[in-house]
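Trainee: quick one, what's the 3D model for this:
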Amino acid sequence: MSLKNHKIAFIFPGQGAQYVGMASDFTEDRPELKNVLEQFDKENNVTLAKIMADGPSELLKETRFTQPALLFHGVVAMQKLQSALDIKPDYVAGHSLGEFTALVANGVLSLEDAMYLVHKRGEFMIEANDGQPFGMAAVMGLSGEKVSQICKEASEKALVVAANFNTPVQTVVSGTKEGVELACSMAKEAGAKRVVMLEVGGPFHSPLIAKAGEMLTKEMEKITFNETDIPVVSNVDAEPQTNISVIKSNLAKQVISSVYWVDCIEKMIEEGVDVFFEFGPKKVLAGMIKKINRKVKVYGIDKLEDVEKVLEGVNEL
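Mentor: Here you go, the predicted structure:
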């Protein structure tokens, strides 16, 4: 296998990519994975296994279900590839929620503990908003720097921040409803190609949900975090990290901080990564990476058939 001469990163998506039926390809012949879902349902008094398999999609979109569903999908897709290919990442990273999936990939968290934590994280992110009107929107066609500047100006009237730097020309803003609407109209005036309001359950990655970070910190104290030699590249500062106390602190900050995804990808490329494997629904991050750097190889694993394609592709490296 010719992957020996390459540096590899495993990456995992955040919310928005979920779909009914996700992960079913990977659990059919693995009863122990079905047991993980059943145990999760029992402990949290929910029916995640059923919602993932049969919907309705409205329930799957609820943050408290979306987060454990995406994490589970990412982990089982990764395990499937690793059972077919002897492969270990040099770096791991995840977009927002995906950072927790990345910490299962590098052995810091168990699958069960990570699912519990992100289920709680989802609940906290909704609870923390206190019912105030909020919004999130994707701005296309302007630099992240320009969008940040617009948010700063708009915030003089109503709070809005640049929440996700997804590609050099796609940035998500988050904040009060008034602030987001103002930033969107300013972005259009500044030449944005498109502005799309997002269907979300809260003003994620903004100071409006500061309480969620505090609640998550307390919850993490109950969980075992294992040492690792595979760095996770953190959303909050795009730095590779193996120090457990810093990793935990970054996870709490990440809820209310911007996701510096462009910087995360550029940092890994700078460190020599030239092959990325994305595990999770719809291969969203693969599309983003192509807009950040077209020279690197990106493989997306969503379904079983993708594993076959990856095996063929890797043979050609």
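Trainee: quick one: the strands in the chain, in order.
Mentor: Using DSSP state E, the strands of the chain run over 7-12, 91-94, 134-140, 160-167, 170-176, 194-197, 232-233, 240-241, 273-279, 297-301.
Trainee: each with direction, which strands does the last one pair with?
Mentor: So that's strand 297-301. strand 273-279 (parallel) (DSSP bridges).
Trainee: please apply the same query to the third one.
Mentor: In the sheet, strand 134-140 lines up against strand 170-176 (antiparallel), strand 194-197 (antiparallel) (DSSP bridges).
Trainee: with the first one instead?
Mentor: The strands beside strand 7-12 in its sheet (DSSP bridges) come out as strand 91-94 (parallel), strand 273-279 (parallel).
Trainee: and these as CSV, adding distance to E312?
Mentor: Bear in mind the C-beta positions are built from the backbone N, C-alpha and C, glycine included. CSV is the format used below for these (distance: least, CB to CB, whole Å):
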stretch, distance to E312
strand 91-94, 24
strand 273-279, 14
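Trainee: among those, which is the most enclosed?
Mentor: The highest mean neighbour count among those belongs to strand 91-94 (a mean of 29), with neighbours defined as mean count of other CB atoms under 10 Å.
Trainee: ok, back up a step: could the strands paired with strand 7-12 go into a markdown table alongside mean pLDDT and distance to L117?
Mentor: A markdown table is the format used below for the strands paired with strand 7-12 (pLDDT from 0 to 100; distance: least, CB to CB, whole Å):
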| stretch | mean pLDDT | distance to L117 |
| --- | --- | --- |
| strand 91-94 | 99 | 13 |
| strand 273-279 | 98 | 18 |
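Trainee: quick one: which of these is nearest V298?
Mentor: Using CB to CB as the measure, strand 273-279 is the one of the strands paired with strand 7-12 that comes nearest V298, at 4.6 Å.
Trainee: convert the closest one to PDB, retaining C-alpha atoms only.
Mentor: What follows is strand 273-279, C-alpha atoms only, in PDB (Å, rounded to 0.1, in the frame of the first residue of the first chain):
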ATOM      1  CA  VAL A 273      -0.600  16.400   5.400                       C
ATOM      2  CA  ASP A 274      -1.400  15.600   1.800                       C
ATOM      3  CA  VAL A 275      -4.200  13.000   2.100                       C
ATOM      4  CA  PHE A 276      -7.400  13.700   4.000                       C
ATOM      5  CA  PHE A 277     -10.100  11.100   4.800                       C
ATOM      6  CA  GLU A 278     -13.500  12.600   5.700                       C
ATOM      7  CA  PHE A 279     -15.800  10.300   7.700                       C
END
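Trainee: quick one: that strand to chain centroid distance?
Mentor: Put simply, strand 273-279 sits 15 Å off its chain's centre (CA atoms, centre = their mean, to the nearest Å).
Trainee: ok so, going back, out of the strands paired with strand 134-140, which gets nearest to G131?
Mentor: Between G131 and the strands paired with strand 134-140, the shortest separation by CB to CB is 12.4 Å, and it involves strand 170-176.
Trainee: same question for that closest one, mean pLDDT?
Mentor: Average pLDDT, strand 170-176: 99.
Trainee: what do you get for stretch 135-155?
Mentor: The model assigns stretch 135-155 a mean pLDDT of 99.
Trainee: which stretches in the stretch 1-150 of the chain count as helices?
Mentor: 24-27, 31-44, 48-54, 57-60, 63-84, 98-105, 111-127, 144-154 (DSSP state H, counting those that start in this stretch).
Trainee: what's the closest of these to K211?
Mentor: helix 111-127 (7.2 Å).
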